[in-house]
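# Model the structure of this input:
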Amino acid sequence: MRGVDRALRFLDLLFSACFLLISLPITILVVAAILITSGTPIFYRGKRVGRSGRVFSMIKFRTLRRGAESRLGPYLGPELVERTRAEFTPIGRWLRATQLDEIPQFLNVLRGDMSLVGPRPIRPRFFEELAEQIPAYWQRLVVRPGLTGFAQVRKGYATSWAEKLAHDLEYIADRSVWLYLRTLVATGWRVLRQSLRGLARPRA
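Prediction:
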């Protein structure tokens, strides 16, 4: 798998650099909108568990009010989604709905914290809980966490953690350049549809 992983890393660097360059005008507009509507900080930095258990700071555009993560800390799953609705900044719901808040994660990919495709990164506290509940959960740490993944393309947010893990482990076992590219295309199509719905009616 070393040759495959080297090829995927090269594609991560190539695609991420190109996307950040192309999206620069949108990034500037988003930064200005955040500053005007809710001030600083512009970015959200959250601790996430990466490959081999290394903890890193995942970067996103801030969509929640200051201190929201501490207020949402104890919650996981659908309850977290429900409580998040009350924490959005004036444009946070729209950024989340169009997934523009995810753009800074391409910097995580360039730094080597993440890949474009892999299991979605999770907070250390939740990882510990899930590793106790699902003994095989640690196996997702074999690869870098992804900006998108098999579980996100195939299933929705409400899917059980065990089922998401099964899809993640399938990708890890079968990962290839073809599967990587196919997942990116499927994600692009899904993001486009969700973004169009978000422009019409923003959702959490």
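# helices and strands of this protein: which one bottoms out on pLDDT?
helix 78-84 (a mean of 60; mean pLDDT, DSSP states H and E).
# Which is the succeeding secondary structure element to that one?
Per DSSP states H and E, helix 78-84 leads on to helix 92-98 as the next helix or strand towards the C-terminus.
# helices or strands up against that next one?
helix 177-200 (3 or more Cβ pairs under 8 Å, 6 or more residues apart in numbering; DSSP states H and E). C-beta: built from backbone N, CA, C; applies to glycine.
# send the alpha carbons of the helix it packs on over as PDB?
Extracted in PDB, the C-alpha atoms of helix 177-200 (Å, rounded to 0.1, in the frame of the first residue of the first chain):
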ATOM      1  CA  VAL A 177      -6.300   6.100  -6.900                       C
ATOM      2  CA  TRP A 178      -9.500   5.100  -8.700                       C
ATOM      3  CA  LEU A 179     -11.500   4.800  -5.500                       C
ATOM      4  CA  TYR A 180     -10.100   8.100  -4.200                       C
ATOM      5  CA  LEU A 181     -11.100   9.900  -7.400                       C
ATOM      6  CA  ARG A 182     -14.500   8.300  -7.500                       C
ATOM      7  CA  THR A 183     -15.200   9.400  -3.900                       C
ATOM      8  CA  LEU A 184     -14.100  13.000  -4.800                       C
ATOM      9  CA  VAL A 185     -16.400  13.100  -7.800                       C
ATOM     10  CA  ALA A 186     -19.300  11.800  -5.700                       C
ATOM     11  CA  THR A 187     -18.600  14.300  -3.000                       C
ATOM     12  CA  GLY A 188     -18.400  17.200  -5.500                       C
ATOM     13  CA  TRP A 189     -21.800  16.300  -6.900                       C
ATOM     14  CA  ARG A 190     -23.300  16.000  -3.400                       C
ATOM     15  CA  VAL A 191     -21.800  19.300  -2.200                       C
ATOM     16  CA  LEU A 192     -23.100  21.100  -5.300                       C
ATOM     17  CA  ARG A 193     -26.600  19.800  -4.600                       C
ATOM     18  CA  GLN A 194     -26.500  20.700  -1.000                       C
ATOM     19  CA  SER A 195     -25.000  24.100  -1.700                       C
ATOM     20  CA  LEU A 196     -27.800  24.900  -4.200                       C
ATOM     21  CA  ARG A 197     -30.400  24.000  -1.500                       C
ATOM     22  CA  GLY A 198     -28.400  26.000   1.000                       C
ATOM     23  CA  LEU A 199     -28.500  29.100  -1.100                       C
ATOM     24  CA  ALA A 200     -32.300  28.700  -1.400                       C
END
